[in-house]
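1. From the sequence below, what's the structure:
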Amino acid sequence: MIISFIKKLALTSVCAAALINPAFAADKVYKLKMAETWPTNFPIFGDATKNMAKMAEEMSNGRLKITIDSKNKHKAPFGIFDMVRSGQYDLGHSASYYWKGKVPETLYFTTMPFGMTAPEQYGWFYHGGGMELMQKLYGKYGLLSFPGGNTGNQMGGWFQKEINSVADLKGLKMRIPGFAGEVLAEVGAKPTNIPAGELYTALERRTIDALEWVGPSLDLRMGFHKIAPYYYTGWHEPATELQFLVNEKVWKKLPADLREILRISMKTAAYDMYIQSYDASGKNWAQMATEYPNIKVKTFPKSVIEALKKANAKLLAEAAEKSATAKEIQASQASYMEKVRVWTNISDKAYLDN
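-> Take a look at the predicted model:
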């Protein structure tokens, strides 16, 4: 109902503007191309791009048409940043922390270990200065970045062997991106990043010993439980936000009303993905409990979590020393989390602890 109301409100605003200014209702059709990191028809993540494109076309009365190329077509799942920046594609859908090898500070805009929950992080983006900091960074590369859908708290991963101590992490080959990969490397693991379509094969062939993907919303369909029975709760990605990337030159060429329609479509599709992911996780967790009772759900020992927190704090301090941008973003996130976490604890946590 809320999403439907937003669509109707946006369409009404556009129609009203057209009556006031006939030029606003020009018949010109703008055709944009989007590249996504995900395979063709990938659920939830891919649904977000399709929903966004559909909303944009409907609210613009057909003046904004967006075609989507999955990784199966463009063959570069981790090349979205460069393809949108160069103008090969007008738009992209991916995750900001995939670009940490190019621009290390981008990883802060996906999620951080032991960081904010999804509602806290959305609050930071839209009311705590996060959007401004993100645009300040991406603007240097001729790009605009917008939140692109949140998975919520992710599970800690699938392991072929039980983790009982920090020693069990030493030499462990694990698919895990972002800052969390650096944290695991600090305690002796060997992190790597692998596209979604190659994860099962890598785990089955023991190219890797463990992997994290998302959570029950997407993990069960991947079949990881068949070859890695230990499923750990999360610490590393409490609020994984995907991103819509937009080439800034393309954005500026769009009429003002189409820019606003595109912005609303991205924001609405991002929220819709969050609730879709939450719903799918609940349903799949129930399915997992009944159909796959051999999955061993575990929580990392306190000694392991403490070691990861210590490594995380050390690496954050080092990153802040090297980069004024990293220091600014870290300070903003820490300040906002300190403020809103009090409310999270007195509202959600206190309620759940009853």
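
2. any idea how far stretch 106-124 is from the chain center?
-> 10 Å (CA atoms, centre = their mean, to the nearest Å).

3. Sorry, slip of the keys, the one I care about is stretch 222-241.
-> That offset, for stretch 222-241, works out to 15 Å (CA atoms, centre = their mean).

4. Which parts of that stretch count as buried, going by neighbours?
-> Buried residues in stretch 222-241, counted by 16 or more other CB atoms under 10 Å: 222, 224-225, 228-232, 234-241. Bear in mind the C-beta positions are built from the backbone N, C-alpha and C, glycine included.

5. and which of those is nearest to S94?
-> E241 (11.2 Å; CB to CB).

6. What ranges does the protein have for its strands?
-> 30-36, 64-69, 91-95, 143-150, 157-159, 173-175, 190-192, 210-211, 230-232, 241-247, 296-298 (DSSP state E).

7. Would you reformat these as JSON lines and include distance to K327?
-> Shown next, in JSON lines, are the strands of the chain (distance: least, CB to CB, whole Å):
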{"stretch": "strand 30-36", "distance to K327": "32"}
{"stretch": "strand 64-69", "distance to K327": "37"}
{"stretch": "strand 91-95", "distance to K327": "23"}
{"stretch": "strand 143-150", "distance to K327": "20"}
{"stretch": "strand 157-159", "distance to K327": "30"}
{"stretch": "strand 173-175", "distance to K327": "28"}
{"stretch": "strand 190-192", "distance to K327": "24"}
{"stretch": "strand 210-211", "distance to K327": "32"}
{"stretch": "strand 230-232", "distance to K327": "31"}
{"stretch": "strand 241-247", "distance to K327": "21"}
{"stretch": "strand 296-298", "distance to K327": "36"}
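
8. ok, back up a step: tell me which two of the buried residues of stretch 222-241 sit farthest apart.
-> Most distant of the buried residues of stretch 222-241, by CB to CB, are P229 and E241, 29.7 Å apart.

9. possible to save the strands of the chain as JSON lines with mean pLDDT?
-> Listed next are the strands of the chain as JSON lines, based on pLDDT from 0 to 100:
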{"stretch": "strand 30-36", "mean pLDDT": "98"}
{"stretch": "strand 64-69", "mean pLDDT": "98"}
{"stretch": "strand 91-95", "mean pLDDT": "98"}
{"stretch": "strand 143-150", "mean pLDDT": "98"}
{"stretch": "strand 157-159", "mean pLDDT": "98"}
{"stretch": "strand 173-175", "mean pLDDT": "98"}
{"stretch": "strand 190-192", "mean pLDDT": "97"}
{"stretch": "strand 210-211", "mean pLDDT": "98"}
{"stretch": "strand 230-232", "mean pLDDT": "98"}
{"stretch": "strand 241-247", "mean pLDDT": "98"}
{"stretch": "strand 296-298", "mean pLDDT": "97"}
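
10. nearest to M55, of those strands?
-> Across the strands of the chain (criterion: CB to CB), the nearest stretch is strand 64-69, sitting at 9.7 Å.

11. The closest one packs against which elements?
-> In terms of contacts (3 or more CB pairs under 8 Å, 6 or more residues apart in numbering; DSSP states H and E), strand 64-69 is packed against strand 30-36, helix 45-59, helix 256-291.

12. right, so of the strands of the chain, which gets closest to R263?
-> Closest among the strands of the chain, once you apply CB to CB, is strand 143-150, at 7.1 Å.

13. Give me the contacts around the closest one.
-> 44-45, 48, 81, 84-85, 93-94, 96, 109, 118, 121-122, 125, 134-135, 138, 239-248, 251, 263, 266-267, 269-270, 272-274, 277 (CB atoms under 8 Å, 6 or more residues apart in numbering).
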